[in-house]
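Asker: just coords:
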């Protein structure tokens, strides 16, 4: 999808505006378009309220008995009005909640083409594997690929040339051959931050661990270029940079030595450019060292984009500026970033230097000098690891903010860290006292799920930046429609996504550790397929424009299964085929194929989800029986994400967003059953409104993309544009197809 595509959203208001609730969330607050469907919607929830709400339960987590009748579900519970803006608005930044789930604050009905247009892979393979990798991704339905072309890929002596141009050229040609649009990461390269050459330095004396100075031999002292010579090659890259050398050969280091060094010859690196420091001197004058390094950086940007244009065309790729900022970032002045503190993380985590790098890169790419089309997207990679960056202060011409969402597992209550204010199921502050952030109640469960960043269990929820509801962190606006003054809203690209099994499996109760249960390779591949399918559907449906999955070779957390890589190693000249790539790619291919269609055209729908009815009372965690701390039932975690593939065809992805994907639901099954960790089928009824009001009832079917077979589903009732459907759901997406004549 090209930046700024009309398919980005159904109707985007101006930057920073709060969109009208009726246009962007379902439920009772969004009245149906017809009088009949409005009456039906009210009756659905009125019956539930009258028959099903015990007095001790939260309005958002309702349970009770189903009404009797031919199609009644036994021991059922109903979540009435499951889409509510308060799921986001009641948990502002600085608060957390185990019950309120921001991804349920709104419901979008996207064109079905959105999913494949958002589907990318982190293309972390070499030239030898590039063709086979690009081909298998293309066959699975991928359209995007993220590649890193670090600054250190350029020659030290000729910094406008690549050291190994064949590698970059081969990869780009493979991506073009199979229709994968590259996102090229422009970054300092970490260990080897810029063009460099190897040198040798001689230590006259040994140096202890933690030392900030070393004494060099006279010859080595004379050869040092202060600010551009790094002592050591830690993990194949630059170590501490020598900032100055005294007449006696005492070299001052930019950071302390991690380990003791003996006297004698030591490997070192000479960098073509000094690290980025402050753009200005203490007196406010431009910093000459910074300007020299920035000029080298822009020359690197020009070299990479020129090479990409020669293969992909001037509009056939995008760029990401920097690859996140962490404590290991070497080429941005750490002292300058520390001085700026929190203010730096709001404007740009790279501080003043990072801001100047981003602004200058965007300005160059948007200038006629670059020779690039306006269709080349530019994403702010400095923003990927912090929730604080707002599009308000981004440079005009930027396309997107990069995001690297948190998916680390947590075990509650042990993992709970006091600080943010807890919010209960009623949307109220829930502390033991007004002066303490300690919660009144913490449920016991493990959060091991790929959608963790969409929850409010962490105050850093990704939803703040992808929701159609504009909220604030401090004074800065966040949301899908936020952008800089004079520019459009910024998209959000999840540019690094990886999720792997972690810890012991637990028993069917979700609590009992099972350390004796070992995951088989089939278990791991099945886990990965479920996790990737869940994250793709959830994160894109919630509003992210792109998601790039790790495809690296090989490993349990890779997008492509180990059999593919083993076959490729055995015979590099023979393409292993999609069947060898594992369940994840097969499931994604089936999902993309099921969504296929000409598109919604002018009759684009905006479906509303009015209610969810659950057969049984299975829960993700137990509460304490109060309205403030209820159990989180599966109906409260049921994900319903609709897509429209034609004016008369809808495909709805439905699954239970289980909190622990390593729950062994079928401990009696043998290890060769990879489905033993799947949530047993549960029947749910969902009521959708704003469907077509045609004379004939639609045909209904469901498909399981992991098992490649139909799943149980049926139409229960229909009145105008409101209909109730029943489906057997599990803990990964099944696709409910609703086809009108």
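Answerer: The structure has been received and is ready for your questions. Worth saying up front: this structure is predicted, and the values here are computed from it rather than measured.

Asker: what helices and strands are in contact with the helix or strand encompassing residue 528?
Answerer: Following DSSP states H and E, one finds residue 528 within helix 521-542. Secondary-structure packing of helix 521-542 (3 or more Cβ pairs under 8 Å, 6 or more residues apart in numbering; DSSP states H and E): helix 114-117, helix 463-466, strand 491-497, strand 546-550, helix 583-595, strand 638-646, strand 649-656. For every residue, glycine as well, the C-beta is placed using N, CA and C.

Asker: any chance of these in JSON lines with mean neighbour count and mean pLDDT as columns?
Answerer: Below are the helices and strands packed on helix 521-542 laid out as JSON lines (neighbours: other Cβ atoms under 10 Å; pLDDT from 0 to 100):
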{"stretch": "helix 114-117", "mean neighbour count": "22", "mean pLDDT": "96"}
{"stretch": "helix 463-466", "mean neighbour count": "26", "mean pLDDT": "98"}
{"stretch": "strand 491-497", "mean neighbour count": "26", "mean pLDDT": "95"}
{"stretch": "strand 546-550", "mean neighbour count": "25", "mean pLDDT": "93"}
{"stretch": "helix 583-595", "mean neighbour count": "22", "mean pLDDT": "96"}
{"stretch": "strand 638-646", "mean neighbour count": "23", "mean pLDDT": "98"}
{"stretch": "strand 649-656", "mean neighbour count": "24", "mean pLDDT": "98"}
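
Asker: among those, which comes closest to residue 132?
Answerer: Ranking those by distance to residue 132, with Cβ to Cβ as the measure, places helix 583-595 first at 12.6 Å.

Asker: residue ranges of the helices in the stretch 151-300 of the chain, please?
Answerer: Taking DSSP state H, counting those that start in this stretch to define them, one finds helices in the stretch 151-300 of the chain at 165-177, 218-223, 288-312.

Asker: buried set for the last one?
Answerer: If you call a residue buried by 16 or more other Cβ atoms under 10 Å, then helix 288-312 has these buried ones: 289-290, 293-294, 296-305, 307-309, 311-312.

Asker: repeat for the shortest one
Answerer: Buried residues in helix 218-223, counted by 16+ other Cβ under 10 Å: 220, 221, 223.

Asker: let me know the closest of those residues to residue 262.
Answerer: Of the buried residues of helix 218-223, the one sitting nearest to residue 262 (Cβ to Cβ) turns out to be residue 220, at 14.9 Å.

Asker: tell me how far the helix holding residue 528 is from the chain's mean position?
Answerer: Taking Cα atoms, centre = their mean, to the nearest Å, one finds helix 521-542 lying 12 Å from the centre of the chain it belongs to.

Asker: following the lowest-mean-pLDDT helix or strand in the chain, which helix or strand shows up next?
Answerer: Here the helix or strand of the chain ranked lowest by mean pLDDT, DSSP states H and E is helix 35-52, holding a mean of 39. Where DSSP H and E defines the elements, the next helix or strand beyond helix 35-52 is strand 77-80.

Asker: which secondary structure elements does that next one sit against?
Answerer: So strand 77-80, by 3+ Cβ pairs under 8 Å, 6+ apart, packs with helix 35-52, strand 608-614.

Asker: residues contacting residue 623?
Answerer: Going by Cβ atoms under 8 Å, 6 or more residues apart in numbering, residue 623 touches 425, 441, 443, 629, 630, 631, 632.

Asker: mind doing that once more with 6 Å?
Answerer: For residue 623, the contacting residues are 629, 630, 631, by Cβ atoms under 6 Å, 6 or more residues apart in numbering.

Asker: ok, residue 380 next?
Answerer: Residue 380 touches 358, 398, 401, counting by Cβ under 6 Å, 6+ apart.

Asker: which among the helices of the stretch 151-300 of the chain is found nearest to residue 193?
Answerer: With Cβ to Cβ as the measure, helix 288-312 is the member of the helices of the stretch 151-300 of the chain nearest residue 193 (10.1 Å).

Asker: mind giving me the packing neighbours of the closest one?
Answerer: helix 165-177 (3 or more Cβ pairs under 6 Å, 6 or more residues apart in numbering; DSSP states H and E).

Asker: distance between the helix it packs on and the chain's centre?
Answerer: Helix 165-177 sits 26 Å away from the centroid of its parent chain (Cα atoms, centre = their mean).

Asker: quick one: work out the angle between that helix and helix 288-312.
Answerer: Put simply, helix 165-177 runs at 50 degrees to helix 288-312, going by axes from the mean of the first three to the mean of the last three Cα atoms, to 10 degrees.

Asker: buried sites along helix 165-177?
Answerer: Those would be 167, 168, 170, 171, 172, 173, 174, 175, 176, for helix 165-177 by 16+ other Cβ under 10 Å.

Asker: got it, and stretch 692-705?
Answerer: By neighbour count on 16+ other Cβ under 10 Å, the buried set for stretch 692-705 is 692, 693, 698, 700, 702, 703, 704, 705.

Asker: follow-up on the earlier one: mind putting the buried residues of helix 218-223 into a markdown table with distance to residue 432?
Answerer: Shown next, in a markdown table, are the buried residues of helix 218-223 (distance: Cβ to Cβ, whole Å):
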| residue | distance to residue 432 |
| --- | --- |
| 220 | 62 |
| 221 | 62 |
| 223 | 64 |
